[in-house]
Structures are given as C-alpha cells and as structure tokens.
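Asker: Got a sequence here, can you build the structure:
(one chain, ligands or ions: 1)
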Amino acid sequence: MKFSKSAPLKGEVTVPGDKSISHRSVMLGALSKGTTSITNFLEGADCLSTIDCFQKMGIEIEKKPGEILIHGKGLHGLTAPSDILDAGNSGTTVRLLSGILAGQNFQSALTGDESIQKRPMRRIITPLTAMGGNIKSIRGNDCVPLEIQGSPLKGIHYNSPVSSAQVKSCVLLAGLYADRPTSVTEPFLSRNHSELMLRSFGATVTSQNTTVTIEPEPALTGQEVQVPGDISSAAYFIAAGLLVPGSEILIKNVGINPTRDGILRVCRQMGANIQILNQREHCQEPAADLLVKYSSLKGTVIQGELIPTLIDELPVIAVMAAFAEGVTVIRDAQELKVKESNRLDIMVHHLQAMGADVTPTEDGMIIKGGPLLHGAQLDSHLDHRIAMSFAVAGLASEGETEITQADCVNISYPKFYEDLQSLQH
Ligand code: S3P
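Answerer: Numbers count the residues shown, from 1 in each chain. Have a look, this model is predicted:
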C-alpha cells in the first residue's frame with residue numbers, strides 16, 4: 001500500500017467500535033443469563049476470534065445487520081470445547097479467556113498465531129496459579145499454547161507488577177468463580193472497561209485508587225451494549241488531521257473513557273486544536289465527536305500514569321512527535337516491546353528510515369522533531385498499529401511511503417484505508 005504527501009484531509013469519519021469493549025461484551029454476554037444485544041460491535045479479526053472461541057464452548061451467537069446477539073448461558077453454562085481454542089492475533093482473547101477457563105469444570109487448550117505464540121503469559125499464569133488455577137504453557141516457554149484444567153478457585157489479592165488491563169481483567173474474570181472476593185492492585189490505573197461492564201451486567205465490583213475488588217458468583221444478566229467508536233482507531237485520524245496542512249476532520253462517536261483518553265491530553269500538551277463536541281454516555285462509557293484541525297505541534301514528555309491511558313496510541317504519537325517542533329521524550333513504555341510486535345524497536349527503525357532524529361532508550365525513545373520526513377519502504381511486521389501509524393506518516397512526508405503486509409489492519413480496522421481515502425479530495 002502506497003502513500004504520498006496529501007492534500008488537506010476534509011470531511012467526517014466514523015471509526016469502528018471499540019476493540020476492548022467489543023471483546024468484553026461477547027464474554028460477559030456468554031456468561032450471563034438471557035440475551036445480550038451488541039450494536040457497533042467491531043467485526044475485526046481479533047473480536048471475531050473471541051466469538052469463535054465462545055461458539056466452540058456452546059454459546060449461540062447470531063450476527064444480524066448492525067447487531068450481534070449473544071444467547072448467554074449463565075456463569076456455569078459453557079461446555080467443554082471439542083477443539084483447541086484459537087485466539088488468532090488477540091492478546092485480549094487469550095488473557096481474558098484464560099481467567100474464565102480457569103474456573104470451569106472442564107479442560108481446554110488455547111493457542112493463536114505466530115505473534116501471540118511469542119507474547120508473555122507468565123503474567124497471567126502467576127495470579128491464576130495463586131488462585132488455585134491449573135494452567136500450563138504446553139511448550140514450557142510461558143507462552144501459548146496453554147492447557148487449562150478448570151478447578152475450584154480461591155479469592156486472592158494480587159499485586160500486579162504491570163499496569164495491564166488484560167492481566168487485571170483475567171484475574172477479575174477468574175474472581176467470578178472464586179470462593180471469596182478477589183482484588184487486584186496495579187501500579188497505575190489501566191483501562192477500566194471490564195469493571196464498568198461487569199457492574200452493568202450485575203456484578204459487584206468496587207474500585208479505590210488502583211485497586212479493584214470483585215465479589216464471586218454474581219447473577220449476571222444480558223444487557224444492551226452500544227459500543228462507542230474506538231479511540232485507538234480514531235488516533236490515526238487525529239494524527240492525520242493535525243499533521244496534514246489545511247486539514248479539518250470530524251471524527252464521530254469516539255469513546256473518551258478517561259482511562260483511554262491519554263492521546264487527547266498529549267495532543268493538548270503538544271498544542272493541538274481538537275474540539276470535543278456532543279459529549280454523551282452509555283453504560284458509563286463516555287463518547288463524543290472530535291473536531292480536529294491542522295496544528296503546528298510542539299514536543300512534550302510522556303511518562304508514568306499517562307502511559308496505560310495511551311498505550312496503543314504510542315506508535316502514532318511517536319509519528320506526531322517526529323513532525324513536532326522540539327524534543328519529545330517517551331518513558332516508562334517498556335510494555336511496547338511485548339505487543340503484537342516489538343513496537344519500540346520498530347518505531348525507532350521506521351522513523352529513522354524516514355529521516356527522523358530518534359534515539360532509543362531502555363523504556364522509550366527521544367524524538368527530536370521538526371524537519372520534514374521522507375518516504376521509505378516499511379514493513380508492518382503484521383502489526384496493525386504499525387501499518388496505520390506509518391500510513392499517516394506517509395501522508396505528511398516528501399516522496400512515497402510503501403507499507404508492506406498492509407492488510408494486517410483487518411485486526412482492528414478492516415476499512416481503514418478506504419476511510420482514509422474518503423477524506424482525500
Ligand atoms: C487491552 C489492554 C492493553 C492494550 C490491548 C487491549 C484490553 O493491553 O494494549 O490492545 O482490551 O484489555 P495490556 O493490558 O497488555 O496493556
């Protein structure tokens with residue numbers, strides 16, 4: 001896929017449903033009594049993997065135009081899968097599902113694609129084992145494939161060494177099946193979609209600072225979930241609107257949960273012109289339309305508790321920083337090394353290939369922005385966020401940028417290139 005310096009981007013775009021919320025709505029729908037209706041569900045490969053896993057455990061899922069219906073069977077209604085469960089590229093599927101599987105009365109196995117077979121699962125094996133779970137990495141390398149023998153679980157208080165919503169959610173979901181309350185404390189607050197949705201389905205979940213506690217064995221009831229647009233997908237249009245001179249883009253219906261809106265805070269720090277319009281809320285998840293206008297950006301510092309609130313947006317934020325005036329420092333972002341690809345290494349490599357002044361550090365990078373970048377041939381490494389970030393970089397750079405293995409945007413945003421093109425007149 002090829003990109004070159006763009007004329008002003010103008011118009012409206014509606015980004016697809018939030019990936020994190022889409023996954024969770026299928027999972028909680030399956031574990032509830034009654035039917036859950038999901039609108040604006042993200043039909044990207046990751047969320048379809050979650051659907052496939054629950055279908056293999058006896059859950060009937062109906063796909064209607066614009067709506068997905070999950071016919072839940074209650075907390076103890078899943079049945080043993082006849083086949084190995086395949087999470088594809090999706091870390092959220094593996095980690096959250098493992099929490100659920102640990103508390104069942106059957107055995108299961110869980111695997112995924114080449115990328116997920118390298119991602120760390122010790123972070124969930126440790127707390128699940130402490131709860132009495134029986135989970136093992138079949139190859140003994142702390143990665144998938146995992147074998148999970150369901151067993152009675154005990155409630156624990158887990159001090160997580162990482163600020164990870166996947167780890168937190170895994171433990172909370174296992175806590176549904178425990179013999180007493182389960183709590184998780186994390187260094188900084190990660191996205192809280194699980195907490196909000198568990199509450200709206202009927203679980204008792206309390207949060208205080210960075211600790212969340214769940215009571216076991218709730219009676220979960222099917223709900224209507226309206227999934228807001230994914231701010232992680234909106235991020236590419238935010239960046240494109242800010243970087244391509246003369247642009248003005250209205251991004252409609254974007255989830256702006258405060259545990260996810262770090263990119264908006266960083267944009268403000270960088271001097272961006274973004275208006276938040278038409279704010280509303282559904283199931284405690286706030287959403288708004290974002291009006292983004294081309295702005296000259298300045299460098300900033302991104303670190304600490306901000307990091308979990310923009311963890312998936314750091315690749316495109318680094319692109320923005322490369323075009324900003326002055327220095328941007330990204331710290332405390334070592335988690336990026338264990339995403340769908342080693343995003344720290346690849347961001348540094350690709351930005352340098354485009355002529356940017358970037359120095360890698362142990363937990364981030366230092367970007368001296370300013371000069372115009374030039375096009376380059378860049379591989380996505382099958383990482384959707386790398387592909388989309390550098391597509392945006394290509395629109396603001398001299399010459400031609402070619403992204404190879406560009407189709408991986410299917411993971412979270414199948415119509416990304418079409419939507420981007422619709423703004424180019
Ligand atoms: C997610 C949590 C984040 C994020 C991922 C989705 C979730 O991962 O990077 O894309 O839905 O819980 P970590 O929890 O590993 O940081």
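Asker: ok, residues contacting stretch 51-65?
Answerer: The list of residues contacting stretch 51-65 from outside it, by CB atoms under 8 Å, 6 or more residues apart in numbering, reads 26-27, 30, 68-73, 77-83, 85-87, 93, 97, 108, 110. In short, each C-beta sits where N, CA and C put it, glycine included.
Asker: Put the buried members of these into a ChimeraX selection.
Answerer: In ChimeraX, this line selects whichever of the contacts of stretch 51-65 come out buried by 16 or more other CB atoms under 10 Å:
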select :26,27,30,68,69,70,71,72,73,78,81,85,86,87,93,97,108,110
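Asker: Narrow the contacts of stretch 51-65 to those in helices?
Answerer: Among these, the ones falling in helices (DSSP state H) are 26-27, 30, 93, 97.
Asker: Now for the residues you listed: which two are most distant?
Answerer: Among these, the pair separated by the greatest distance (CB to CB) is 30 and 93, at 12.6 Å.
Asker: Wait, residue 267 touches residue 274, no?
Answerer: Yes: counting by CB atoms under 8 Å, residue 267 touches residue 274, with 5.6 Å between them.
Asker: list the contacts for residue 303?
Answerer: When contacts are counted by CB under 8 Å, 6+ apart, residue 303 is found next to 329-332, 364.
Asker: Any chance of the backbone angles for whatever residue of the stretch 1-150 of the chain ends up closest to the ligand?
Answerer: For the stretch 1-150 of the chain, the residue closest to the ligand is residue 20, as judged by CB to the nearest ligand atom, at 3.3 Å. The phi/psi pair for residue 20 (degrees, to the nearest 10) reads phi -60, psi -40.
Asker: Spatially, which residue comes closest to it, not counting chain neighbours?
Answerer: Spatial nearest neighbour of residue 20, chain neighbours left out: residue 193 (5.0 Å); criterion: CB to CB, 6 or more residues apart in numbering.
Asker: List the contacts of that neighbour.
Answerer: With contact set as CB under 8 Å, 6+ apart, residue 193 has these partners: 18, 20-21, 24, 165, 257, 259, 285.
Asker: can you rerun that using 6 Å?
Answerer: 20-21, 24 (CB atoms under 6 Å, 6 or more residues apart in numbering).
Asker: cool, residue 124 as well?
Answerer: By CB under 6 Å, 6+ apart, the neighbours of residue 124 are 95, 98, 170.
Asker: where does the second one land on pLDDT?
Answerer: By that I understand residue 98. Note on residue 98: pLDDT of 98.
Asker: how about it, what does it touch?
Answerer: Residue 98 sits next to 124, 170 when contact means CB under 6 Å, 6+ apart.
Asker: try it again with 8 Å
Answerer: The neighbourhood of residue 98, defined by CB under 8 Å, 6+ apart, consists of 110, 121, 124, 128, 135, 146, 148, 170.
Asker: can you redo these as a markdown table with pLDDT and secondary structure?
Answerer: Putting the contacts of residue 98 into a markdown table (pLDDT from 0 to 100; DSSP: H, G, I helix; E, B strand; the rest coil) gives the following:
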| residue | pLDDT | secondary structure |
| --- | --- | --- |
| 110 | 98 | strand |
| 121 | 98 | coil |
| 124 | 98 | helix |
| 128 | 98 | helix |
| 135 | 98 | strand |
| 146 | 98 | strand |
| 148 | 98 | strand |
| 170 | 99 | helix |
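Asker: If you rank these by neighbours, which is first?
Answerer: Within the contacts of residue 98, neighbour counts (other CB atoms under 10 Å) peak at residue 170, which reaches 30 neighbours.
Asker: ok, that residue touching residue 95?
Answerer: Yes: using CB under 8 Å, residue 170 makes contact with residue 95 at a distance of 4.8 Å.
Asker: How about the residues of the chain by the ligand?
Answerer: Neighbours of the ligand within the chain, by CB under 6 Å from any ligand atom: 20, 92, 164-166, 169, 190-191, 311-312, 335.
Asker: what do you get if the cut-off is 5 Å, keeping everything else the same?
Answerer: 20, 92, 164-166, 311-312 (CB under 5 Å from any ligand atom).
Asker: Highest neighbour count among those residues?
Answerer: residue 20 (27 neighbours).
Asker: mind listing what the strand or helix carrying residue 365 pairs with, with the direction of each?
Answerer: According to DSSP states H and E, residue 365 maps onto strand 364-369. Take DSSP bridges as the rule and strand 364-369 pairs in its sheet with strand 326-330 (antiparallel), strand 357-361 (antiparallel).
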